[in-house]
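**Student:** Below are the sequence and a predicted model for it; my questions follow.
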2 protein chains.
Amino acid sequence: MTTEEKILLAAKKSFFEKGYDGAKMQDIANDAGINKAMLHYYFRSKELLYEKVNMSFAKVIIPQINSLVDTELNIFQTIENFVEIYLEFLQKNPDLPSYFIGEMNRNHDMFFKVLSENATQPNFVAFAQKIYSAIEQKEIRPVNPIQLILNIISLCIFPYLAAPMLQYATQSDDTFIGEIIANRKKEITSFILHSLTNQNDVLYEN
Amino acid sequence: MTTEEKILLAAKKSFFEKGYDGAKMQDIANDAGINKAMLHYYFRSKELLYEKVNMSFAKVIIPQINSLVDTELNIFQTIENFVEIYLEFLQKNPDLPSYFIGEMNRNHDMFFKVLSENATQPNFVAFAQKIYSAIEQKEIRPVNPIQLILNIISLCIFPYLAAPMLQYATQSDDTFIGEIIANRKKEITSFILHSLTNQNDVLYEN
DNA sequence: AAACGGTTTAACCAAATGGTTAACAAATAT
DNA sequence: ATATTTGTTAACCATTTGGTTAAACCGTTT
């Protein structure tokens, strides 16, 4: 592994764990097993290093998230597919959501700078289209597509954000939380599809 | 307003905006319009100040969240009620979720220390019970109560966490996002109740 | 083997940061 | 009125932190 790679790896770890402010250059150098001056030799400043770190994994991650809906599947398969790929991705990157949320709120400008330089926009339009026509075909009940997409993503991501809280609230061990997360795919899909295929008016709704 | 109150207010603002590491004692003092030494005079250290700040609003907020299910309502009303109160609370404290998530993940130990010293556990058991009996009465389809509660909370909180992202993804203005959030109550309630009252097997589910 | 380029290090620097101190002002008690 | 406690300030201190520098190292070229 080259020095540059060692730095990026250690830096990513530090920024993930502690955020931009909490991460210290000396710690990153120690963790990479090199002299602190190397950080500046390769990346000039903490800010540039932070940018490079985010760039390097944004390039890998964003396309994965965005290429979810370009399929020939019907609405039900599309949703199932979306949930499955999303959750698989999250299982591989369980600490990504809290990093994203944290940095997005605390470090707004740089976050969106990095995002805009890498992001092919997610193909939500195609997804929304598919929802529209499914409603027209009466395959699903009428819903606002944006709200539906927001619902789906909420159900997928939130448990990863709230995992420590969930553990605290249920006062249980890791195993139990792991089980909940493992069952999530089935639960979410079922939850959504039940909701969408129920054409009846619902009691107590206003 | 006493000096102590001025400090707590400025400190809360700083910690909320920048997190523990990002917040600086000098900034807090400036913002409160007092000398930096006062911070230490009243609160001894940054860590103690942070703890006090969190304590002071945890005391107010936690009971609000926890006292949601002690009612004589049926399952549908309970869920509607829960969503309504939850969303109302969030509308009043829109930046609380990202602060919570951020500090919970970065400052794990202190977060739960503060929580455990204040928390009357939320009454999820009562909620789960109500879900159980509703299933027995065949008022709703069979679901895992914990998963259902997790779903409900996900749907309520996540949009607040993702608001900047949502704005970016939809490339729209504040008004549009505000509209989405405003429609959330109806959307979430409808989404959940449709899902729960659909007793049919669902297509494409495995 | 001497010169050269990129790489790496130890030592150093200035600014920022959390925290302290000693003197001073303003209440409060005697 | 005066002593005493409480509140407040400016100046100061030690450490941390991001960043720099000059010298050393090392493989390659000449």
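**Tutor:** That came in fine, so what should we check first? Owing to the predicted nature of the structure, the values given are computational and were not obtained by experimental measurement.
**Student:** where do the helices sit along chain A?
**Tutor:** Using DSSP state H, the helices of chain A run over residues A:3-22, A:25-32, A:36-43, A:46-66, A:75-92, A:96-106, A:108-118, A:124-136, A:145-170, A:174-196.
**Student:** Which residues of chain A lie near DNA strand C?
**Tutor:** Applying C-beta under 7 Å from any atom of the strand, one finds that chain A approaches DNA strand C through A:Thr3, A:Ile34, A:Asn35, A:Lys36, A:Ala37, A:Met38, A:Tyr41. All C-beta atoms are positioned from the backbone trio N, CA, C, and that covers glycine.
**Student:** now, which of the residues you listed sits nearest A:Ala134?
**Tutor:** A:Thr3 (52.6 Å; C-beta to C-beta).
**Student:** measure the closest residue in space to A:Lys24 that isn't next to it in sequence to B:Asn54 for me?
**Tutor:** Spatial nearest neighbour of A:Lys24, excluding adjacent residues (C-beta to C-beta, 6 or more residues apart in numbering or on different chains): A:Ser14 at 7.4 Å. According to C-beta to C-beta, to the nearest Å, A:Ser14 and B:Asn54 sit 24 Å apart.
**Student:** Quick test: name the residue nearest the centre of chain A.
**Tutor:** A:Pro97 (4.9 Å; C-alpha atoms, centre = their mean).
**Student:** Now for chain A, the helix or strand with the poorest mean pLDDT.
**Tutor:** Counting by mean pLDDT, DSSP states H and E, chain A has its least confident helix or strand at helix A:108-118, which shows a mean of 83.
**Student:** Near A:Phe112, how many other residues are there?
**Tutor:** Other residues within reach of A:Phe112, judged by other C-beta atoms under 10 Å in any protein chain shown, total 16.
**Student:** my guess is it contacts B:Tyr168, does it?
**Tutor:** Yes. Using C-beta atoms under 8 Å, A:Phe112 makes contact with B:Tyr168 at a distance of 6.2 Å.
**Student:** Next, the buried residues of stretch A:12-31.
**Tutor:** Of all the residues in stretch A:12-31, those buried under the rule 16 or more other C-beta atoms under 10 Å in any protein chain shown are A:12-16, A:18-23, A:25, A:27-29.
**Student:** Which single one of these is nearest to DNA strand D?
**Tutor:** For the buried residues of stretch A:12-31, the minimum distance to DNA strand D (C-beta to the nearest atom of the strand) is 3.5 Å, reached by A:Met25.
**Student:** what's near enough to touch that closest one?
**Tutor:** Contacts for A:Met25 (C-beta atoms under 8 Å, 6 or more residues apart in numbering or on different chains) come out as A:Lys36, A:Leu39, A:Lys46.
**Student:** Pull up the gap between the second one and B:Gly22, please.
**Tutor:** Computed with C-beta to C-beta, the distance linking A:Leu39 and B:Gly22 is 20 Å.
**Student:** Export only the CA atoms of stretch A:16-28, formatted as PDB.
**Tutor:** Provided in PDB are the C-alpha atoms of stretch A:16-28 (Å, rounded to 0.1, in the frame of the first residue of the first chain):
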ATOM      1  CA  PHE A  16     -16.000   8.800  10.000                       C
ATOM      2  CA  GLU A  17     -15.500   8.200  13.700                       C
ATOM      3  CA  LYS A  18     -15.100  11.800  14.900                       C
ATOM      4  CA  GLY A  19     -16.200  14.100  12.100                       C
ATOM      5  CA  TYR A  20     -14.200  16.900  10.700                       C
ATOM      6  CA  ASP A  21     -13.700  18.800  13.900                       C
ATOM      7  CA  GLY A  22     -13.000  15.800  16.100                       C
ATOM      8  CA  ALA A  23     -10.400  14.200  13.700                       C
ATOM      9  CA  LYS A  24      -6.900  15.300  14.400                       C
ATOM     10  CA  MET A  25      -4.000  15.300  11.900                       C
ATOM     11  CA  GLN A  26      -1.600  13.800  14.400                       C
ATOM     12  CA  ASP A  27      -4.000  10.900  15.000                       C
ATOM     13  CA  ILE A  28      -4.400  10.300  11.300                       C
END
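**Student:** how far is it from where the chain is centred?
**Tutor:** Stretch A:16-28 sits 21 Å away from the centroid of its parent chain (C-alpha atoms, centre = their mean, to the nearest Å).
**Student:** Over to stretch A:81-96?
**Tutor:** Stretch A:81-96 sits 7 Å away from the centroid of its parent chain (C-alpha atoms, centre = their mean).
**Student:** per the record, what domains does chain A have?
**Tutor:** A:1-44, A:54-196 (automatic domain parsing).
**Student:** The closest residue to A:Gln167 other than its chain neighbours - how many residues pack around it?
**Tutor:** Nearest residue to A:Gln167 in three dimensions, chain neighbours excluded: A:Ile177, at 5.2 Å (C-beta to C-beta, 6+ apart). Neighbourhood size, A:Ile177 [other C-beta under 10 Å]: 16.
**Student:** How about A:Ile135?
**Tutor:** A count of neighbours around A:Ile135, defined by other C-beta under 10 Å, yields 18.
**Student:** who's in contact with it?
**Tutor:** By C-beta under 8 Å, 6+ apart, the contact list for A:Ile135 reads A:Arg141, A:Pro142, A:Val143.
**Student:** Pull out the buried residues from those.
**Tutor:** If you count burial by 16+ other C-beta under 10 Å, the buried members of these come out as A:Arg141, A:Val143.
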